[in-house]
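**Student:** Got a predicted structure here, sequence first:
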Amino acid sequence: RISSGAAQYDSDSVAPSIPCRLRARSHDGDGLLTISVRYVVLALRHLGEERIVRHHGAVNDVRPQTVAAVEVVEEALRRAAAGAGAIHAKQGRDVVTDSDLAVEDMIREALSSRFGYPVIGEERGGHIPVDEPYWLVDPICGTRNYASGIPLYCINVALVEHGEVSVAVIGDGSAGTIAAAERDQGAWKVRPDEYALVSSVASATIDLEAWPSAPSTRLLAVRRASALIEANRWDMRALSTTLALAYVAAGQLAGCVMFRTPGLVHTAAGALLVTEAGGTVTDLDGRTWSLKSSSLLCAATPKLHQEILEVMASH
């Protein structure tokens, strides 16, 4: 048992033949466990609620696809940091920068040449195959922020296999850090330090994103957002990027509400990252999130998730 701040952690089972190293550190009064072991099952008792977060592999014991995705995201962050270049208008109020296009082209070339899987990207598009793995790439999520000199943006790379997201890597443009996850294997911060990600309600902050454009659905989103604000239980933010999902996984935000799914390239990586960090991810009706979902709600704990659903249903 490891105690850190207000939380306690029980290691229920550790394979005795495998060397283990466990480190605990305090994170804003909430326990954040750093893990670099194999076959560890952690029971997190947080604010009276028990959650299970599973980490079956060390940070260095990951798939080649994950390693490659981390490498391309690291290079993408370097290129994005060099500047946006020219800014071009897209449909409506959307914009695209020279950097968006250059970063996506680099990621496409690197991943397709190594694995041969199709790549579906935010800027260059692509066709989702029926029966083979494929990559989802958002070269810069939060382009409006990025183009305006606001460093709240991220690079999303996800691998889809058998209809599910199996690998996720997100690069944080504001901090230069990289987080990664593999399905059923856990989520980790991998650059610059290596440690396991565990979602947390400590921030008491919820991010609101992705407002629908259709009048009827936009009005429903406004009502739901109003209910959350009127409840006055959480601080509210609007980061205007799916970097918010990585922040939920890391415990920097308690939850995120996306009133519509802006596209799989935006949300797939973050949805897996939050799930593997111990969070709950569904659509706004409470159904388990999938690649076909039209909205997204993620929360650090099942208790918070249910609370957000109930508050939104009140309006």
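**Tutor:** Noted; the coordinates are in hand. Note that the coordinates shown come from a computational prediction; the quantities given were computed from them, not determined experimentally.
**Student:** Extract the residue ranges of the stretch 1-150 of the chain that are flagged as low pLDDT.
**Tutor:** Within the stretch 1-150 of the chain, the set of residues satisfying pLDDT under 70 comprises 1-60.
**Student:** the strands in it, which residues?
**Tutor:** Assigned by DSSP state E, counting those that start in this stretch, the strands in the stretch 1-150 of the chain fall at 2-4, 7-14, 22-27, 30-35, 40-46, 49-55, 87-89, 95-97, 119-121, 134-141.
**Student:** What's the local residue count around V119?
**Tutor:** Using other Cβ atoms under 10 Å, V119 has 21 neighbouring residues. Bear in mind the C-beta positions are built from the backbone N, C-alpha and C, glycine included.
**Student:** Surely it is in contact with I107?
**Tutor:** Yes - using Cβ atoms under 8 Å, V119 makes contact with I107 at a distance of 7.4 Å.
**Student:** Pull up the overlap in contacts between those two.
**Tutor:** V137 (Cβ atoms under 8 Å, 6 or more residues apart in numbering).
**Student:** So the residue nearest to the spatial centre of the chain, which state does it fall into?
**Tutor:** Centroid check for the chain by Cα atoms, centre = their mean gives G270 as the closest residue, at 2.3 Å. Three-state assignment for G270 (DSSP: H, G, I helix; E, B strand; the rest coil): helix.
**Student:** Name all residues that make contact with the closest residue to it other than its chain neighbours.
**Tutor:** In this structure, G270 finds its nearest non-sequential neighbour in L245, 2.6 Å apart by Cβ to Cβ, 6 or more residues apart in numbering. L245 sits next to 170, 256, 267, 269-271, 273-274, 298 when contact means Cβ under 8 Å, 6+ apart.
**Student:** host element of L245?
**Tutor:** Remark: L245 resides in helix 243-249, with elements defined by DSSP states H and E.
**Student:** isn't A196 right up against W188?
**Tutor:** Yes - counting by Cβ under 8 Å, a contact exists between A196 and W188, whose distance comes to 5.5 Å.
**Student:** E276 against A180, yeah?
**Tutor:** No - using Cβ under 8 Å, E276 is not in contact with A180, being 9.3 Å away.
**Student:** The two: which has the busier surroundings?
**Tutor:** Neighbours were tallied for E276 and for A180 using other Cβ under 10 Å; the higher tally belongs to A180 (31 against 26).
**Student:** just checking, that one is part of a strand?
**Tutor:** Yes - with three-state DSSP as the criterion, A180 is located in a strand.
**Student:** Next, the contact list for T242, please.
**Tutor:** T242 neighbours (Cβ under 8 Å, 6+ apart): 138, 141-142, 154, 156, 209, 258, 262, 266-267, 269-270.
**Student:** what do you get for A76?
**Tutor:** A76 sits in contact with 103, 106-107, 139, 155, 171, where contact means Cβ under 8 Å, 6+ apart.
**Student:** now those residues: which count as buried?
**Tutor:** Neighbour-count burial (16 or more other Cβ atoms under 10 Å) applied to the contacts of A76 gives 103, 107, 139, 155, 171.
**Student:** how near is the residue lying closest to the first one once chain neighbours are set aside to E122?
**Tutor:** Excluding its sequence neighbours, the residue lying closest to V103 (Cβ to Cβ, 6+ apart) is P139, at 3.9 Å. For P139, the distance to E122 under the criterion Cβ to Cβ, to the nearest Å works out to 6 Å.
**Student:** now swap in D172 and tell me
**Tutor:** From D172 over to E122 (counting by Cβ to Cβ), the distance is 17 Å.
**Student:** now swap in V95 and tell me
**Tutor:** 12 Å.
**Student:** More neighbours: these two, which one.
**Tutor:** Set V95 next to E122 and count neighbours by other Cβ under 10 Å: E122 wins out with 23 against 16.
**Student:** is it true that that one touches P262?
**Tutor:** No - shown here, E122 and P262 do not form a contact pair, counting by Cβ under 8 Å, at 9.5 Å.
**Student:** Quick one: the strands in the stretch 151-300 of the chain, in order.
**Tutor:** Listed in chain order, the strands of the stretch 151-300 of the chain (DSSP E, counting those that start in this stretch) span 154-161, 164-172, 177-182, 186-191, 195-196, 205-209, 235-237, 255-258, 280-282, 296-299.
**Student:** Ok, which of those strands comes nearest A225?
**Tutor:** strand 205-209 (5.5 Å; Cβ to Cβ).
**Student:** Identify the residues contacting that closest one?
**Tutor:** Applying Cβ under 8 Å, 6+ apart, the contact partners of strand 205-209 are 225, 228, 234-242, 244, 247-248, 253-259, 308.
**Student:** Of those, grab the buried ones for PyMOL.
**Tutor:** A single PyMOL command selects the buried members of the contacts of strand 205-209 (16+ other Cβ under 10 Å):
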select buried, resi 225+228+234+237+239+240+241+242+244+247+248+253+254+255+256+257+258+259+308
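**Student:** which of the contacts of T242 has the weakest pLDDT?
**Tutor:** pLDDT is lowest at P262 among the contacts of T242; the value there is 85.
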